[in-house]
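Engineer: sequence unknown, structure follows:
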């Protein structure tokens, strides 16, 4: 193993000893606190509140009557009232006025199911009379359904209305007539020119509901046309694919996309969700793209999520990836989490790593995270970074944390930190964190 500066070894040894005593004291205090809480809470259980198996017959007549009563209530909510025979007025009255929230939702769903191009305005008037506005989900659902049914007619009629939700209307329109919805964007009235980007997002949302490939093609067209936030729109498409098919199928879809920034954006969203449910499987999937620049953030997402559960396994996986921006970003994220969970184990792993660009990235993540706990130890680690630019950047971020935690100590350190006068001024002018 390549030897490391004595400063890191000495401070890290002191940190391990301190961590032991602090941890012991904390555990003792927590035990005493919890013991006190348990002892001070009197038993309030009665035979009717005892759990199953405690000696009370939970299947007795009273319990059966209780369950039967609950079933009757549910049956009454779902089965009483023949929705199909109530008409628009009756459904609207139940949807907006009934005290039972389940009835209201069922009636509103039925109201939308009964909607046609002919009665849409009548239903809209009922919503307006109930006091609903563009902030209410029912309003958005109505306009989406209206766009689905009436398309251009719904959009055109909405233009002259005081309260309108053109985004939802055009989203619904795009699900049934994407060509018409997209054509409308090219002939918007002049007073809606500033809303064009928002309406393009609505078309993307509708296309994602309809067909992910059509949505992807449209986002690609927007990117080619100069849309600077096309990556965010692609993430929205990916979110819909995940919702419909789950992260595993979404990861298979990613493989069919053309290499480039849009694929990377979709990959970020899928990687984050996939790694939440099964980080090891997500790692196996993303590994094939680890050397690609567009996958940098996705690799970091997987490494970070896995490190939240099994930091050593995550770091070991990242350590074996092909060298590149994805590996470095992943190690930075993983060590930024590991230092918070087990700084001693994380520090020992760093000591065992040979000097390399990936070790610099790992130290950077560790130092910047640990600065909020122990700024001086974090500084010692940051100074062990071999790359001068990365070392300076890391010291700057550690300095921010140091100054916000212990301003007077940080001021004294800054004078001999080796940081430029400009960076020192930035740190001293930063707002103190509470």
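Structural biologist: Alright, I've got the coordinates. Just so it is clear, the structure is predicted and the values come from calculations on it, not from any experiment. Numbering: from 1, shown residues only.

Engineer: so where's the stretch 251-400 of the chain shaky on pLDDT?
Structural biologist: The stretch 251-400 of the chain contains no residues with pLDDT under 70.

Engineer: Ignoring the adjacent residues along the chain, who's closest to residue 357?
Structural biologist: Leaving aside its sequence neighbours, residue 357 sits nearest to residue 328 (C-beta to C-beta, 6 or more residues apart in numbering; 6.4 Å). All C-beta atoms are positioned from the backbone trio N, CA, C, and that covers glycine.

Engineer: and the one you found, what is it in contact with?
Structural biologist: Each residue near residue 328 by C-beta atoms under 8 Å, 6 or more residues apart in numbering is listed here: 357, 358, 360, 361.

Engineer: again with residue 261
Structural biologist: Shown in contact with residue 261 (C-beta under 8 Å, 6+ apart): 223, 230, 231, 294.

Engineer: returning to that earlier point: the residue nearest to residue 357: helix or strand, and which one exactly?
Structural biologist: helix 325-341 (DSSP states H and E).

Engineer: picking up where we left off before, of the contacts of residue 328, just say which sits nearest to residue 131.
Structural biologist: Nearest to residue 131 among the contacts of residue 328, counting by C-beta to C-beta, is residue 361 at 55.0 Å.

Engineer: one step back: tell me which residues in the helix holding residue 328 are buried?
Structural biologist: Residues 325-340 are the ones in helix 325-341 that count as buried (16 or more other C-beta atoms under 10 Å).

Engineer: can you pull the buried residues of the helix or strand following that helix?
Structural biologist: Downstream of helix 325-341, the first helix or strand assigned by DSSP H and E is helix 343-352. By neighbour count on 16+ other C-beta under 10 Å, the buried set for helix 343-352 is 343, 346, 347, 349, 350.

Engineer: ok, now stretch 164-181?
Structural biologist: By 16+ other C-beta under 10 Å, the buried positions in stretch 164-181 come out as 164-175, 177-178, 181.

Engineer: related to what we said a few turns ago, could you tell me which of the contacts of residue 328 belong to helices?
Structural biologist: 357, 358, 360, 361 (DSSP state H).

Engineer: For those residues, pick the one with the most neighbours.
Structural biologist: residue 361 (25 neighbours; other C-beta atoms under 10 Å).

Engineer: how far does stretch 307-323 stretch from start to finish?
Structural biologist: 19 Å (C-alpha to C-alpha, to the nearest Å).

Engineer: Strands along the chain, start to end?
Structural biologist: For the chain, no strands turn up when DSSP state E is the criterion.

Engineer: domain ranges for it?
Structural biologist: 115-209, 211-277 (automatic domain parsing).

Engineer: Could you tell me the average pLDDT over the first one, please?
Structural biologist: The average of the pLDDT scores along domain 115-209 is 93.

Engineer: Distance from that domain to the middle of the chain?
Structural biologist: Taking C-alpha atoms, centre = their mean, to the nearest Å, one finds domain 115-209 lying 28 Å from the centre of the chain it belongs to.

Engineer: just to revisit the earlier point, report the two of the buried residues of stretch 164-181 separated the most.
Structural biologist: Longest span within those, C-beta to C-beta: 164 and 178, 21.0 Å.

Engineer: Tell me, how many residues neighbour residue 353?
Structural biologist: 18.

Engineer: Assess the claim that it and residue 359 are in contact.
Structural biologist: Yes. Using C-beta atoms under 8 Å, residue 353 is in contact with residue 359, at 4.4 Å.

Engineer: What is the neighbour count of residue 190?
Structural biologist: Residues lying near residue 190 (other C-beta under 10 Å) number 6.

Engineer: try residue 264
Structural biologist: For residue 264, the neighbour count with other C-beta under 10 Å is 22.

Engineer: need the domains of the chain in TSV with distance to residue 422, can you?
Structural biologist: As requested, the domains of the chain are exported to TSV (distance: least, C-beta to C-beta, whole Å):
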stretch	distance to residue 422
domain 115-209	37
domain 211-277	30
